[in-house]
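Enquirer: How does the following fold in three dimensions:
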Amino acid sequence: MTGLPHFEQDLGDIIHELAAMAELCGVRLRDPGVMDAVLQNDALMRHQNEVAFDKMRGLLVLAFSTVERSAATEGIHLTAEFVRRALAEIDERRDRLGG
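Expert: Below is the predicted model:
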């Protein structure tokens, strides 16, 4: 039995919370260079909401760790396919909401 459904649920929850924190911080995580800036603790991005920024940064690290664990246990191809679907869903939601 695969653990992929558990991984999908975990990552889905993380992504949902990441989106909420990104909105509070006024950042678009999918824009080029933004994730790197968040991970590097960019001071310019922190100014809007430091508490939400810190939580977003921690969630981003957790998301990468979760993907890494899934790739190690479930395989790269299954994990990559889920990540692609999750990102497409995020883009669709953002487009529907006009973000």
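Enquirer: which one is the residue nearest the centre of the chain nearest to, not counting chain neighbours?
Expert: The structure's the chain has its C-alpha centroid closest to I15; by Cα atoms, centre = their mean the separation is 4.5 Å. Closest residue to I15 apart from its sequence neighbours, by Cβ to Cβ, 6 or more residues apart in numbering: A86 at 6.0 Å. All C-beta atoms are positioned from the backbone trio N, CA, C, and that covers glycine.
Enquirer: residues in contact with the residue nearest to the centre of the chain?
Expert: 63, 86, 90 (Cβ atoms under 8 Å, 6 or more residues apart in numbering).
Enquirer: So which of these belong to helices?
Expert: Those of these mapping onto helices are 63, 86, 90, per DSSP state H.
Enquirer: Find me the pLDDT at the first one, would you?
Expert: Per-residue pLDDT puts A63 at 90.
Enquirer: ok, it touching G12?
Expert: No: in this structure, A63 is not within contact of G12 by Cβ atoms under 8 Å, at 10.5 Å.
Enquirer: and those two? which has more neighbours close in?
Expert: Per other Cβ atoms under 10 Å, whichever of A63 and G12 has more neighbours is A63, with 20 against 13.
Enquirer: Could you measure from the residue nearest to the centre of the chain over to V51?
Expert: Counting by Cβ to Cβ, to the nearest Å, the separation of I15 from V51 is 20 Å.
Enquirer: in this structure, which segments are predicted with low confidence?
Expert: Under the criterion pLDDT under 70, the flagged ranges of the chain are 1-4, 94, 97-99.
Enquirer: how about the helices in it?
Expert: Going by DSSP H, the chain shows helices at 4-25, 34-39, 43-46, 50-74, 76-97.
Enquirer: Okay then, goodbye and thanks.
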